[in-house]
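A.B. asks: what follows is a predicted protein model with its sequence.
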Amino acid sequence: MTLTLSQSAYWELVYESEENQLTPNSADEFDVTYQYPVRLGNGYSRYIDLRTGLDLNIANYQLHDEIITRSSDREHLIEYTFELSGLKTGTYGFFGSGLAPGGSLEHSPVQPTAWVSVHIEPELFCQWFGHKGELPTNLQPLIRKSDQKYYEHHGKTTSAMQMALQQLLGCPYQGNTKRVYLESKVWELMALQVEQFLETQTIETTSKILNAEDIERIHYASEILLTRLDQPPSLMELARMVGINDNKLKVGFKQVFETTVFGYLHDCRMERSRQMLAAGKLTVTETAKAVGFANRGYFAASFRRKFGVNPGIYLNEKRQKLKNSG
């Protein structure tokens, strides 16, 4: 069965009933947990009022049936949402203020739904990221008029974002200390998303001036890194070697390879080390040195993060297979 509701009616069901409200800690009256309406599903939703113009929502529930919510055009606040479960696990949505066009949204009962969402009044956002209430030019696209569709960006949750989320969800404090702690994590997450927004803006601006020759030079730079994994040139040296300025090289790498220059170098070192260990001819220490790692422990930790196995174990397994096949 599919249930169709207006968006406002849906949120009224989730939040309006005092019967659904679990009694909060007297010191945490700003943090209220609501039992998810039993007619819709099982779980809970938390509403945390951090300050005027700033609220945090945390939800974890599973629907009984599919729900379709319908909305009309409405004014949109600054918002971001991190998906913690379901098909979109590990992603986030970042939205500016402006016009949110009406439409329909399907809510699936197939998997549990869990998310962390934050809403910020544009005025408060300007106070935090602006000077005397004035946003810098590069952030102004996030604040749009009520007749302009809001800015929207979807991305993958970074390790820094994941750490901040874990700290937010595992907040060990109560009362005002809890409120301050949660707000600090909310702004930390916002800062990380603003940083990605600014990177996106830079890439979009730079991509307009990247020509075929620039892209060819960036590929040439990647080839140089591949041949010098053990002693790579500095960013400035690499830029001079391929005849491009360092800023265009950095942004160009992000555009062409979807990673930083250092990230590309690191991935190449890891893959080369895997190939060398698979050949079974070098020790772990010799392999680490061959791809530019002076510290064997750091190499081992990096290899383990990348491939999920200790390089020593990987080497022994490959040598045993080579021995058995011989």
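C.D. replies: Noted; the coordinates are in hand. Numbering: from 1, shown residues only.
A.B. asks: so where's the longest helix in the protein?
C.D. replies: helix 175-207 (DSSP state H).
A.B. asks: CA-only coordinates of the helix or strand following that helix in PDB, if you can.
C.D. replies: Counting by DSSP states H and E, the next helix or strand C-terminal to helix 175-207 is helix 212-227. The C-alpha trace of helix 212-227 is given here as PDB (Å, rounded to 0.1, in the frame of the first residue of the first chain):
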ATOM      1  CA  ALA A 212      43.300  20.800 -24.800                       C
ATOM      2  CA  GLU A 213      46.900  21.800 -24.300                       C
ATOM      3  CA  ASP A 214      46.400  22.300 -20.600                       C
ATOM      4  CA  ILE A 215      44.800  18.900 -20.200                       C
ATOM      5  CA  GLU A 216      47.700  17.300 -22.200                       C
ATOM      6  CA  ARG A 217      50.200  19.000 -19.800                       C
ATOM      7  CA  ILE A 218      48.300  17.600 -16.800                       C
ATOM      8  CA  HIS A 219      48.400  14.100 -18.200                       C
ATOM      9  CA  TYR A 220      52.200  14.600 -18.800                       C
ATOM     10  CA  ALA A 221      52.500  15.600 -15.200                       C
ATOM     11  CA  SER A 222      50.800  12.300 -14.100                       C
ATOM     12  CA  GLU A 223      53.300  10.400 -16.300                       C
ATOM     13  CA  ILE A 224      56.200  12.100 -14.500                       C
ATOM     14  CA  LEU A 225      54.800  11.100 -11.200                       C
ATOM     15  CA  LEU A 226      54.500   7.500 -12.300                       C
ATOM     16  CA  THR A 227      58.200   7.400 -13.300                       C
END
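A.B. asks: what residues of helix 212-227 count as buried?
C.D. replies: 214, 217, 218, 221, 222, 225 (16 or more other C-beta atoms under 10 Å). Using the backbone N, CA and C atoms, a C-beta is placed for each residue, glycine as well.
A.B. asks: show me what the helix or strand just after it is packed against.
C.D. replies: Per DSSP H and E, the first helix or strand lying C-terminal to helix 212-227 is helix 235-242. Helices and strands in packing contact with helix 235-242 are listed as helix 212-227, helix 246-257; criterion 3 or more C-beta pairs under 8 Å, 6 or more residues apart in numbering; DSSP states H and E.
A.B. asks: those helices: which one's closest to residue 276?
C.D. replies: helix 212-227 (13.9 Å; C-beta to C-beta).
A.B. asks: which elements pack onto the closest one?
C.D. replies: helix 235-242, helix 246-257, helix 261-279.
A.B. asks: quick one: low-confidence parts of the stretch 51-200 of the chain?
C.D. replies: 133 (pLDDT under 70).
A.B. asks: tell me where it has helices.
C.D. replies: 122-129, 159-169, 175-207 (DSSP state H, counting those that start in this stretch).
A.B. asks: can you redo those helices as a markdown table with distance to residue 265?
C.D. replies: As requested, the helices of the stretch 51-200 of the chain are arranged in a markdown table below (distance: least, C-beta to C-beta, whole Å):
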| stretch | distance to residue 265 |
| --- | --- |
| helix 122-129 | 32 |
| helix 159-169 | 18 |
| helix 175-207 | 19 |
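A.B. asks: what sits up against stretch 113-128?
C.D. replies: Outside stretch 113-128, the residues that touch it by C-beta atoms under 8 Å, 6 or more residues apart in numbering are 43, 51-63, 77-86, 97, 107, 133-135, 142-143, 165, 168-169, 186-187, 189-190.
A.B. asks: again, only using 7 Å
C.D. replies: By C-beta atoms under 7 Å, 6 or more residues apart in numbering, the surrounding residues in contact with stretch 113-128 are 53-62, 77-86, 97, 133, 135, 143, 165, 168, 186-187.
A.B. asks: and that stretch, how far out from the chain middle?
C.D. replies: Averaging C-alpha positions (C-alpha atoms, centre = their mean, to the nearest Å) puts stretch 113-128 16 Å from its chain's average.
A.B. asks: buried residues, it. List them.
C.D. replies: Of the residues in stretch 113-128, those buried (16+ other C-beta under 10 Å) are 113, 114, 115, 116, 117, 118, 119, 120, 121, 122, 125, 126.
A.B. asks: would you list these in CSV and tack on distance to residue 248?
C.D. replies: Shown next, in CSV, are these (distance: C-beta to C-beta, whole Å):
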residue, distance to residue 248
113, 42
114, 41
115, 38
116, 36
117, 37
118, 35
119, 37
120, 34
121, 38
122, 34
125, 31
126, 32
